[in-house]
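Sequence and predicted structure are below.
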Amino acid sequence: MTTNVNCEMPHNKTIVPHPHWYSPKTGIYNSKYAPLDLPIDPFVDVVSYIFSHQHNGVSALVDSSSGYSIPYSKLLPLVKSIASGLKKIGVKQGDTVLLLLPNSIYYPIVLLGVLYLGAVVTPLNPLSSVSEIHKQINDCGVSLVFTVIENVKKLELLGIPIITVPENEKGLNDDCFSGFCNLIYGGDFDFHSRPVIKQEDTAAILYSSGTTGASKGVVLTHKNLVSMVELFVRFEASQYEYSCLNNVFLAVLPMFHVYGLSLFAIGLLSLGSTIIVMRKFDIDEVIAAIDKYKVTHFHVVPPILTALTKRAKGIHGSKLQSLIQVSSGAAPLSGKVIDDFVQTFPNVDFIQGYGMTESTAVATRGLNTGKFHNYSSIGLLAPNMEAKVVDWNSGEFLPPGSSGELWLRGPSIMKGYLNNEEATMSTIDKDGWLHTGDVVYFDEHGYIHISDRLKDIIKYKGFQIAPADLEAVLILHPEVADVAITAAEDEENGEIPVAFVVRKVGSVLTAKHLMDYVAKQVAPYKKVRKVVFTDKIPRSATGKILRKQLRNFQTSKL
């Protein structure tokens, strides 16, 4: 099967006739789709909005290991019970609650219960180090933590209230989960005392490195989340003829990341689809779950796509026949990886999408038709969204066929970075354009292709790693004089963090010692995978690390 893959970056002099969805006068690209109606009532919260959509869904959340299912009929009552129980223990509107949890059938219920109360959720990887947890707790002013039993000891040192959450229903009778049981079976929510929640109120604080620097708290409002539900999840579902009620999604992507959170903890619950929840990725368990639960839709990141393709080549017979669509996001894909997948799964619709934490996962979605396949593109601009493609040197707005930095504007764009006005102003300009730091071009059909990245972040298995975060850890080592972190391409993981280190005079530091030093202080996915000792870190006249020079040096040595 041949694919429509073209990963080459077009020359900026390519001339394409101006289509109706692009204005040469303003430089604005509009969505090819008609605008969607979003709620204009200022008093709309995302939980009420999700459950305002009527459907006949049966099974909402299914634990992949045990098969235990939470039906849609019980979903809202459980959410209300969590909200009611939180209120009884003193959580109030505006308080921030940390979700230090892996995927589970209870994750969406806890998250929605917090939001229904008018409180704010801030998710974090449950494998984060104590220092990373402490930083986020202090940054957000966290008043309560939901976590797993394995994290209790390290959290007790921080002196903050903890509620432990079981993996599935089997743990509900254990004494260590009594606090959670009291919440989830705490009774109905008192509607008379429910706070008034506005669309503009803060709903979530997710962390992202943005276009540069250390990780920052991305403040998302109820309006942002409502926009995501409509412009990403519900809109994508509307483009296909099959019923949402028959769709079965496999949730392997972590719900503490905006990609997994937007789909499995929020958006899909408005459609009545079934979500099979997997605690962590294991390719053999994925294969088994797809067959056992007849999974139709699988959202992935590039390393998972590669693993699925490799594993599927050794499978014969009727396995994996239920798959209708596989969608990839969070990091770019090579043409070879796309070709391999499409040839291995000729009857599965493959699409890519693009979004940022700062855009509440909304930006583009792929769409294939019977006559037109565009596998290499990250899709068409979502409804209600506008874009510009800008020359990063001159600031000139560029037409279709020309590559430049992608700017986005629309209702899903974040409120700003938490307590960081300077970073907010450097990312969102006075006209509301989010400067993404990604280099793209629009083709003549309106499909967007990503070709480069201006920003510093490293994408390891789809997770963002801010070089500044790792540099802050390494520079504190007593034998390190200077350090810079950059990315190296890696076939299995996408990119890996590489540390360029200047040792202090007389030091005999080894690469292994430094990698172990970092590993003790960060989440596993953030670990430095390679160390290069050097005499000097290249910097600009203002002291900024010239990471491109480091990347070029790294490539030349491979």
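Good, I have the coordinates. Residues are numbered from 1 along each chain as shown.

quick one: Val439 is in a strand?
Yes - counting by DSSP: H, G, I helix; E, B strand; the rest coil, Val439 falls inside a strand.

What is the burial count for it?
Look at Val439: counted by other CB atoms under 10 Å, it has 20 neighbours. No exception for glycine: its C-beta is placed from N, CA and C like everyone else's.

residue ranges of the helices in the stretch 401-550 of the chain, please?
Counting by DSSP state H, counting those that start in this stretch, the stretch 401-550 of the chain has these helices, from start to end: 421-427, 467-474, 511-519, 547-557.

now Gly379: how far from Pro35?
Between Gly379 and Pro35 the computed distance is 17 Å (CB to CB, to the nearest Å).

Mean pLDDT per helix and strand in this protein: which one sits at the bottom?
Among the helical and strand segments of the chain, the one scoring lowest on mean pLDDT, DSSP states H and E is helix 547-557, with a mean of 69.

Point out where the stretch 251-400 of the chain drops to low pLDDT.
316-318 (pLDDT under 70).

buried ones in the lengthiest helix in the chain?
Among the elements of type helix in the chain, defined by DSSP state H, the one spanning the most residues is helix 72-88. Burial within helix 72-88, assessed by neighbour count using 16 or more other CB atoms under 10 Å, is assigned to 72, 75-76, 78-87.

Over to stretch 480-500?
Buried residues in stretch 480-500, counting neighbours by 16+ other CB under 10 Å, are found at 480, 482-488, 493-500.

What separation is there between the closest residue in space to Gly179 that isn't next to it in sequence and Ser64?
The shortest distance from Gly179 to any non-neighbouring residue, by CB to CB, 6 or more residues apart in numbering, is to Ile163 (4.7 Å). Ile163 sits 23 Å away from Ser64, taking CB to CB as the criterion.

Looking only at neighbour counts, state which of the two leads.
Between Ile163 and Ser64, counting by other CB under 10 Å, Ser64 is the more crowded of the two (23 against 19).

Return the per-residue confidence for that one.
Here, the pLDDT recorded for Ser64 equals 96.

close enough to count as contact, it and Lys280?
No - judged on CB atoms under 8 Å, Ser64 makes no contact with Lys280 at a distance of 10.4 Å.

Would you mind measuring from Asp37 to Val362?
The spacing between Asp37 and Val362, counted by CB to CB, is 16 Å.

The two: which is more packed in?
Comparing Asp37 with Val362 by other CB under 10 Å, the one with more neighbours is Val362, at 30 against 7.

How about the contacts made by the more buried one?
With contacts defined as CB atoms under 8 Å, 6 or more residues apart in numbering, the neighbours of Val362 are 227-228, 231-232, 355, 382, 385, 410, 412.

Please tell me which one of the residues you listed counts the most neighbours.
When neighbours are counted as other CB under 10 Å, the busiest of the contacts of Val362 turns out to be Ser412, with 32 neighbours.

What residue spans form the domains of the protein?
With the TED database as the criterion, the domains of the chain are listed as 227-257+279-326+343-456, 460-556.

what's around Glu236, how many residues?
Tallying neighbours of Glu236 according to other CB under 10 Å, which is how burial is gauged here, yields 22.
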